[in-house]
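# Pasting a predicted model and its sequence here:
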Amino acid sequence: MATATVQVADTIQTPITAFTDAGVYTLPRDLRFSETHYTRVAFHSDLAIKLPTRYALADYERYVVNEESMDGGIRANESSERASHFGELLAAFPEFQPTAHQHDSHTMHWLLIHRRQHQRLRALPAGTFRVPDARFVYVRERRFFREHIHPGIVQVRAYGVELWDMLTPGGPGAPPPRVRDEFQFLKEPVGRAIQAVAESEWADHINWYIRNFIYNPESRILWYIDSKPSNLIGRRTNAMNRVSLLRDFADVRHS
């Protein structure tokens with residue numbers, strides 16, 4: 001496959017502008033990933049490099065490609081997101097078109113539905129709730145003397161305090177979580193940022209799991225770092241997480 005390749009490790013400070021959508025990039029050999037259910041994540045300089053896990057790819061195959069009905073899912077695929085309408089989605093993102101013939105449509109479709117989600121969230125009105133800039137790329141990884149090419153996301157790294165770390169521990173027999181004393185001064189701006197989006201038309205496109213949010217006290221920005229498309233999010237659990245965030249940070253109680 002003849003594609004231009006940029007070594008991620010070429011510079012110590014690699015800006016997001018060094019990457020283009022649908023480009024192919026080689027990962028440094030010493031990059032170390034941590035893994036959640038949906039994503040493998042590594043940090044390099046001011047970038048977060050995110051690769052899908054096998055569970056993420058299986059969910060994509062099941063609910064997007066095969067269009068199985070997700071029990072309690074937020075929404076079905078939009079028409080343009082259907083695998084059978086790949087050409088329609090590709091036409092919406094012309095930057096992917098020059099290399100479309102070099103990659104299988106299945107892998108590029110995974111990138112495109114994540115790019116579509118990012119476009120949707122970047123349309124949020126300017127305010128204190130933001131989504132980091134990102135590129136939707138192929139990454140070349142060498143493991144066990146073999147080369148693997150994965151779809152991936154290169155995202156500007158969000159710095160600040162994770163909302164998870166602002167709360168007291170919960171659990172069976174423990175009092176309900178509350179914002180810890182040392183973070184009380186951040187509770188009001190965080191709560192305002194959450195409430196502005198939680199009560200807007202974008203609410204169902206956000207994965208409200210608490211670890212997806214980082215607040216930067218200096219810029220006063222609440223960063224939302226998740227990349228999962230909303231057609232892969234379950235409604236019930238997501239609604240419970242949203243209610244919890246509104247309760248803990250905005251003092252909003254739902255019956």
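Happy to help now that I have it. Just so it is clear, the structure is predicted and the values come from calculations on it, not from any experiment.

# Give me the secondary structure label for the residue nearest to the spatial centre of the chain.
When Cα atoms, centre = their mean is applied to the chain, the residue found nearest the centroid is S227 (1.7 Å). Recorded secondary structure, S227: coil (DSSP: H, G, I helix; E, B strand; the rest coil).

# measure it to W110 for me?
Using Cβ to Cβ, to the nearest Å, S227 is found at 11 Å from W110. Yep, even glycine has a C-beta here, placed from its N, CA and C like the rest.

# same question, F136
With distances taken as Cβ to Cβ, F136 is found 9 Å from W110.

# and for the two, which residues touch both?
Counting by Cβ atoms under 8 Å, 6 or more residues apart in numbering, the contacts common to F136 and W110 are P151.

# tally of neighbours for L27?
Counted by other Cβ atoms under 10 Å, the residues lying close to L27 total 22.

# Ok, R146 next?
The number of residues near R146, taken as other Cβ under 10 Å, comes to 7.

# More neighbours: which of F136 and W110?
F136 (28 against 23).

# Return the residues in contact with the residue in the chain sticking out farthest from the centre.
Relative to the centre of the chain, and counting by Cα atoms, centre = their mean, the farthest-placed residue is G173 at 33.0 Å. Residues counted as contacts of G173 (Cβ under 8 Å, 6+ apart): none.

# cool, the one 4 residues further on as well?
When contacts are counted by Cβ under 8 Å, 6+ apart, P177 is found next to L167, T168, P169, G170, S244, D248.

# Now, those that are in strands?
Using DSSP state E, the subset of the contacts of P177 located in strands is empty.

# wait, which of the residues you listed is closest to V190?
D248 (9.4 Å; Cβ to Cβ).

# Looking at that closest one now. What's its pLDDT?
At D248, the model reports a pLDDT of 96.

# how many other residues sit next to it?
Neighbours of D248 (other Cβ under 10 Å): 23.

# pLDDT score assigned to the closest residue to it other than its chain neighbours?
Residue nearest to D248 in three dimensions, not counting chain neighbours: P177, with 5.8 Å by Cβ to Cβ, 6 or more residues apart in numbering. P177 carries a pLDDT value of 90.

# could you show me where the strands are in the stretch 51-200 of the chain, in order?
For the stretch 51-200 of the chain, strands defined by DSSP state E, counting those that start in this stretch occupy the ranges 129-130, 134-143, 146-156, 161-162.

# elements contacting the last one?
Here strand 161-162 touches strand 213-216, going by 3 or more Cβ pairs under 8 Å, 6 or more residues apart in numbering; DSSP states H and E.

# In terms of secondary structure, what does the next helix or strand after the strand it packs on contact?
Remark: after strand 213-216, the chain's next helix or strand is strand 221-224, criterion DSSP states H and E. Judged by 3+ Cβ pairs under 8 Å, 6+ apart, strand 221-224 is in contact with strand 129-130, helix 184-198, strand 213-216.
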